[in-house]
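> what shape does this take:
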Amino acid sequence: MLILTAIILALLAGVMNGSYPAPIRMIHLSSDTIWLIFSIFMFLILPWVAVWILSPNDILKLFAGLPASFLIITISAGLIYGCGMLVYTYSLRYVGIGVSFLLNIAGGTIIGSLLPLVLLNASKLVTSSGMWELIGMFIFLIGLIAAGIASTQRAKHALTNPDIVQGKSGLGVLLGVLSGVFCAAQGSAYSYTLPAVNTLAAHLGVSPLAAAMLAWIPIFNGAFIPFFIYFLIKNVREKFWQDFKKGTASSLELILGMAVLSFVSLIVFSKAAISLGDLGSVIVWPIFMISIILTSNFWGWRQGEWRNSGTAAGSWQIISMGFLILAVGALVMSAYYNIRL
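Here you go, the predicted structure:
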């Protein structure tokens with residue numbers, strides 16, 4: 001029952017995270033202004049608000065009990081993750097929400113899951129849990145290759161989505177892969193620091209969920225620095241801020257909604273991770289990522305990104321989704337054997 005609950009929470013978190021960019025088309029502001037405001041909510045404010053709500057009296061106590069290496073690792077990872085998110089926003093423009101999410105998450109899933117496992121407990125790789133984890137990653141990789149072929153086939157046909165910049169699909173794919181490598185720092189740092197945070201929380205008698213959310217504060221605050229500075233410069237240079245006077249209230253509400261949906265998904269994911277022990281994040285992270293891919297591709301389909309893309313592209317996309325679902329099954333087995341060990 002514990003495993004089932006963790007898997008359902010990870011899948012739910014993925015649905016929420018994969019849905020947060022969907023309202024972008026309804027916001028009548030430049031994309032650079034949207035991302036600027038989004039970063040303030042998502043990377044700067046919400047991490048502190050979430051931990052404070054979960055455990056208002058324990059934030060300083062938790063930070064005081066952690067070694068200096070915790071902040072060094074998480075802030076450094078946040079800076080790298082922020083650069084990855086910058087690159088992702090351009091991939092989103094060039095190849096659309098479905099493909100950009102998929103490429104971004106490819107690196108984030110594989111590196112973000114396997115690197116912490118190797119660093120924390122490499123011996124796990126030769127156990128039943130570790131073997132199922134590797135099988136799941138292999139199936140996941142096949143699904144990504146199929147998705148890449150689908151994207152290539154789609155590029156041969158005229159796209160009808162006006163939000164996608166035409167003629168830059170190759171660059172969009174490259175940027176998507178690069179963003180995934182950078183964004184892997186987020187999951188790697190979180191998974192690597194979770195055991196230490198869990199131990200500290202148990203020692204201090206602090207809420208496990210609040211402790212599990214702690215790493216997101218320096219990770220996202222670190223990500224805020226490059227992300228915000230870049231889009232602030234772009235907004236000032238291009239004078240996009242002049243458009244902000246139009247529909248200010250409704251635009252802010254939608255952007256805040258995007259940020260809340262994205263960050264709450266991390267709370268749900270953290271709940272799933274701590275329920276499976278110290279290596280729980282390593283196991284449920286790829287499930288979380290796969291759910292994001294499936295959800296973002298649903299929104300890509302709903303927004304017409306695959307309209308008139310041809311039979312071959314549609315077939316390869318279906319094959320890709322099938323392999324991703326099989327990968328979830330393998331990762332569920334990994335979780336099962338991890339609990340038994």
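> surely residue 276 meets residue 2?
Yes: in terms of Cβ atoms under 8 Å, residue 276 counts as a neighbour of residue 2; the distance is 7.4 Å. C-beta: built from backbone N, CA, C; applies to glycine.
> of those two, who's got more company?
Remark: of residue 276 and residue 2, residue 276 carries more neighbours, 22 against 11, as counted by other Cβ atoms under 10 Å.
> where's the more buried one relative to residue 212, distance?
Separation of residue 276 from residue 212 (Cβ to Cβ, to the nearest Å) stands at 12 Å.
> residue 60 now?
Taking Cβ to Cβ as the measure, residue 60 falls 17 Å from residue 212.
> and those two? which has more neighbours close in?
residue 212 (27 against 8).
> who are the neighbours in contact with the more buried one?
Listed by Cβ atoms under 8 Å, 6 or more residues apart in numbering, the contact partners of residue 212 are 194, 197, 198, 201, 270, 271, 273, 274.
> okay if I get these as TSV plus secondary structure?
TSV is the format used below for these (DSSP: H, G, I helix; E, B strand; the rest coil):
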residue	secondary structure
194	helix
197	helix
198	helix
201	helix
270	helix
271	helix
273	helix
274	helix
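> out of the residues you listed, which comes closest to residue 293?
Checking those against residue 293 with Cβ to Cβ, the nearest one is residue 273 at 18.7 Å.
> neighbours of that closest one, how many?
29.
> unless I'm mixing things up, it is touching residue 194, no?
Yes: here residue 273 reaches residue 194: they are 6.6 Å apart, a contact under Cβ under 8 Å.
> so where's the stretch 151-300 of the chain uncertain?
By pLDDT under 70, the weakly predicted segments of the stretch 151-300 of the chain are 151-152, 154-169, 240-249, 277-282.
> for it, which segments count as strands?
Per DSSP state E, counting those that start in this stretch, the stretch 151-300 of the chain carries no strands over any range.
> all the helices of the chain, residue numbers only.
2-19, 31-39, 46-54, 59-65, 68-121, 128-155, 169-204, 208-214, 216-238, 248-274, 280-302, 311-340 (DSSP state H).
> dump those to CSV, plus distance to residue 25.
Converted to CSV, these look like this (distance: least, Cβ to Cβ, whole Å):
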stretch, distance to residue 25
helix 2-19, 13
helix 31-39, 10
helix 46-54, 23
helix 59-65, 37
helix 68-121, 10
helix 128-155, 19
helix 169-204, 18
helix 208-214, 30
helix 216-238, 19
helix 248-274, 10
helix 280-302, 10
helix 311-340, 21
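> please identify the most buried of the ones you listed.
Compared across the helices of the chain, helix 280-302 shows the largest average neighbour count, a mean of 25 (mean count of other Cβ atoms under 10 Å).
> quick one: distance of it to the chain centre.
8 Å (Cα atoms, centre = their mean, to the nearest Å).
> helix 2-19 and that helix, what's the angle between them?
Relative orientation of helix 280-302 versus helix 2-19 (axes from the mean of the first three to the mean of the last three Cα atoms, to 10 degrees): 40 degrees.
> elements contacting helix 280-302?
If contacts are counted by 3 or more Cβ pairs under 8 Å, 6 or more residues apart in numbering; DSSP states H and E, helix 280-302 sits against helix 2-19, helix 68-121, helix 128-155, helix 169-204, helix 248-274, helix 311-340.
> which strands or helices does the fourth one pack on?
Under the contact criterion of 3+ Cβ pairs under 8 Å, 6+ apart, the helices and strands touching helix 169-204 comprise helix 59-65, helix 68-121, helix 128-155, helix 208-214, helix 216-238, helix 248-274, helix 280-302.
> what is the mean pLDDT for the second one?
Along helix 68-121, the predicted confidence averages to a pLDDT of 75.
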